[in-house]
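Participant: structural data only, the sequence is not supplied:
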């Protein structure tokens, strides 16, 4: 593993930093968490800015519209984007981090040509239809049925925690196509347009007040067989590839953000008169050291990817350790703030509103993308 950046990589960092600072400074105010139509407009506008500047999907191969950047350059750009305060992928997350990479790996030529360009340009938004009321962490237990009828699959069932369903154009849908096969072997991965007859969406309000999640009810929805990704009944393998992309570099921005939060907590400890507490300083130092360890693990994964090696269990190790670390960071913030940690508007410049929202959001991180129990 080589932890040093080359001269070319340093030049790439400088160029990206200059562009990001200018682009972020010109952005309008961010919509509220409760305005997901507005959030979609905001996030897709940012995606179009990235696309025009050549920074959209920089790690995607050039043949699919990306920059063909190395894993190291992708890491550098994600780091600089977080430091610049750039918008997160948010509404574009599933398309960019899930569907796009899955289609590159498993899709047909026609599917790649049809779906990859509008994902990259921000013109189409995707949602994820994996989890069900009785199939969340045990994903292979999905019951939503897809029965072949000529040129269509007729899909009936229910999905829950469907990320971005209220604002999505397409859904990556995991369905059961062979009810008699062992549960891991009778699944298929479909592309489902969200405007088809028989789809009903019921938004779900999260603890933060956002309703970007939803229940999706499917009543004999006809999905073209041409929208099957991978082989029929081979959906478990395709879905594991999808989740492997999610557990890769997706947390790099989160980790950089956590390092920034720790710096804020150190200042907060001084502001509230807790800096002289050796236990608080020791705890901050321990959390910072864990962040450093996770950053080294990230560099290790990037070095392996540069050599063409798969990360194996590395993504799960990182996701497990990082998300539980993040909750400990948020708990420390709550102890430092005391009662102010419960208030969602700022008090006396403490920055408590940000920490309160981060604490609420952090609760979901050990669940989203596979619970800690499943990662273990």
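Facilitator: That came through, no problem. Treat the numbers as computed from the prediction; the structure is a model and nothing was measured.
Participant: which residue ranges of the stretch 51-200 of the chain form helices?
Facilitator: Taking DSSP state H, counting those that start in this stretch as the criterion, the stretch 51-200 of the chain carries its helices at 71-83, 93, 100-106, 109-121.
Participant: turn those helices into TSV, columns for mean pLDDT.
Facilitator: Shown next, in TSV, are the helices of the stretch 51-200 of the chain (pLDDT from 0 to 100):
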stretch	mean pLDDT
helix 71-83	89
helix 93	90
helix 100-106	93
helix 109-121	96
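Participant: of all these, which lies closest to residue 345?
Facilitator: Among the helices of the stretch 51-200 of the chain, the nearest to residue 345 by C-beta to C-beta is helix 71-83 (24.9 Å). C-beta: built from backbone N, CA, C; applies to glycine.
Participant: now the closest one, how far from the centre of its chain.
Facilitator: In terms of C-alpha atoms, centre = their mean, to the nearest Å, the centre of helix 71-83 is found 15 Å from the chain centre.
Participant: and what of stretch 361-372?
Facilitator: With C-alpha atoms, centre = their mean, you get 11 Å for stretch 361-372.
Participant: tell me which residues in it are buried?
Facilitator: Residues of stretch 361-372 classed as buried by neighbour count (16 or more other C-beta atoms under 10 Å): 361-362, 365-366, 369-370, 372.
Participant: rebuild those as CSV, extending it with distance to residue 86, secondary structure and pLDDT.
Facilitator: What follows is these, written out as CSV (distance: C-beta to C-beta, whole Å; DSSP: H, G, I helix; E, B strand; the rest coil; pLDDT from 0 to 100):
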residue, distance to residue 86, secondary structure, pLDDT
361, 18, helix, 88
362, 20, helix, 87
365, 20, helix, 86
366, 25, coil, 86
369, 21, coil, 74
370, 26, coil, 77
372, 29, helix, 86
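Participant: quick check: of those residues, which lies closest to residue 199?
Facilitator: residue 369 (24.4 Å).
Participant: my guess is that closest one contacts residue 315. True?
Facilitator: No. At 9.3 Å, residue 369 does not count as touching residue 315 under the criterion of C-beta atoms under 8 Å.
Participant: coming back round to it: can I get the helices of the stretch 51-200 of the chain in JSON lines including mean neighbour count?
Facilitator: Shown next, in JSON lines, are the helices of the stretch 51-200 of the chain (neighbours: other C-beta atoms under 10 Å):
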{"stretch": "helix 71-83", "mean neighbour count": "21"}
{"stretch": "helix 93", "mean neighbour count": "21"}
{"stretch": "helix 100-106", "mean neighbour count": "21"}
{"stretch": "helix 109-121", "mean neighbour count": "17"}
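Participant: residue 336: which of those is closest?
Facilitator: Going by C-beta to C-beta, the one of those nearest residue 336 is helix 71-83, 22.8 Å.
Participant: quick one: residues in contact with the helix or strand that comes right after the closest one.
Facilitator: As assigned by DSSP states H and E, the chain's next helix or strand after helix 71-83 is helix 93. If you take C-beta atoms under 8 Å, 6 or more residues apart in numbering as the criterion, helix 93 is touched by 163-164.
Participant: chain center to helix 93: distance?
Facilitator: Counting by C-alpha atoms, centre = their mean, helix 93 comes out at 5 Å from the chain centroid.
Participant: and what of stretch 197-208?
Facilitator: With C-alpha atoms, centre = their mean as the basis, stretch 197-208 stands 19 Å off its chain's centre.
Participant: for that stretch, measure first residue to last.
Facilitator: By C-alpha to C-alpha, to the nearest Å, the extent of stretch 197-208 from end to end equals 31 Å.
Participant: residue contacts, residue 195?
Facilitator: By C-beta under 8 Å, 6+ apart, the contact set of residue 195 is residue 169.
Participant: right, I mislabeled it, should have said residue 295
Facilitator: Taking C-beta under 8 Å, 6+ apart, we find residue 295 in contact with 255, 259.
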